[in-house]
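**Q** fold the following, please.
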Amino acid sequence: MHESCHAISGLALGNKPTLEPVRFLGVVPFFAVSPNVSCYDGYCLKASGAPFLPGPRGLYFIVSAGIICQEVTNEVILSVQPRIRYDDAAYLKGMLAFNTLASVAYALANLFALEPPQGDIRTMGSLVPVPHAVLSGLILATAALDISRYYFPDEEWLAWASRITKVATVGIVFAF
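**A** A predicted model of the protein is given here:
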């Protein structure tokens with residue numbers, strides 16, 4: 001789902017993404033959907049050399065789409081079934097766990113400089129004047145709040161705090 005959201009957002013902005021091999025955490029072979037867009041001084045080009053008209057904000061949207069999809073999916077699950085911990089819902093619990101653990105892995109890989117050069121958080125941080133550590137912290141905070149919501153579904157403030165961090169992740173692109 002994470003990589004699909006990169007592809008869908010890229011296509012929606014008129015770009016043709018490609019698959020690239022990557023090593024997650026420096027050792028785990030995987031693949032990534034690359035937007036094939038480069039931005040310099042606010043001007044962006046597609047791999048073909050054509051201008052990428054959505055600019056840095058568009059590229060931020062594409063690069064952040066995987067994490068945003070994870071967070072939106074978690075929000076839907078935790079809002080529709082706030083007491084999912086007590087339900088027989090293995091598939092949804094698996095999605096919730098995978099999304100949350102993937103966000104934690106992305107953020108920690110960035111914080112400990114294990115993220116590949118084309119990594120999501122590294123690229124996000126290069127497009128907005130927000131330090132990588134702040135972006136990673138925001139993603140970690142969202143994951144921690146979602147985990148807390150799973151274990152403490154009756155704490156309404158956790159739901160709102162989690163939603164605020166998710167809106168902040170999306171809102172960064174509009175703030176800069």
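**Q** tell me the contacts of the most centrally placed residue in the chain?
**A** Geometric centre of the chain, nearest residue: Ile67, 1.5 Å, by Cα atoms, centre = their mean. Applying Cβ atoms under 8 Å, 6 or more residues apart in numbering to Ile67 gives the contacts 2, 103, 106, 120-121, 139, 169. Every residue, glycine included, has its C-beta placed from N, CA and C.
**Q** name the surrounding residues that touch the least confident helix or strand in the chain by mean pLDDT.
**A** Sorting the helices and strands of the chain by mean pLDDT, DSSP states H and E puts strand 18-24 at the bottom, at a mean of 83. If you take Cβ under 8 Å, 6+ apart as the criterion, strand 18-24 is touched by 29-34, 36, 47, 105, 109, 116, 118-119.
**Q** sorry, back to before: can you tell me which of the contacts of Ile67 end up in helices?
**A** Judged by DSSP state H, the contacts of Ile67 include 2, 103, 106, 120-121, 139, 169 as members of helices.
**Q** and the end-to-end length of stretch 39-55?
**A** 7 Å (Cα to Cα, to the nearest Å).
**Q** and the gap between Asp154 and Arg83?
**A** The spacing between Asp154 and Arg83, counted by Cβ to Cβ, to the nearest Å, is 8 Å.
**Q** wait, Ala50
**A** Plainly put, Ala50 is 50 Å away from Arg83 if you go by Cβ to Cβ.
**Q** what of Tyr151?
**A** Plainly put, Tyr151 is 11 Å away from Arg83 if you go by Cβ to Cβ.
**Q** before we move on, what about Gly55?
**A** From Gly55 to Arg83 the distance is 43 Å (Cβ to Cβ).
**Q** more crowded one of the two?
**A** Neighbours were counted for Gly55 and for Arg83 using other Cβ atoms under 10 Å; Gly55 has more, 16 against 10.
**Q** how about the contacts of Ile67 in a markdown table, adding distance to Phe61, pLDDT and neighbour count?
**A** Formatted as a markdown table, those follow (distance: Cβ to Cβ, whole Å; pLDDT from 0 to 100; neighbours: other Cβ atoms under 10 Å):
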| residue | distance to Phe61 | pLDDT | neighbour count |
| --- | --- | --- | --- |
| His2 | 15 | 92 | 20 |
| Ser103 | 18 | 96 | 24 |
| Tyr106 | 17 | 91 | 26 |
| Asp120 | 12 | 93 | 24 |
| Ile121 | 15 | 95 | 22 |
| Ile139 | 16 | 97 | 28 |
| Thr169 | 11 | 90 | 20 |
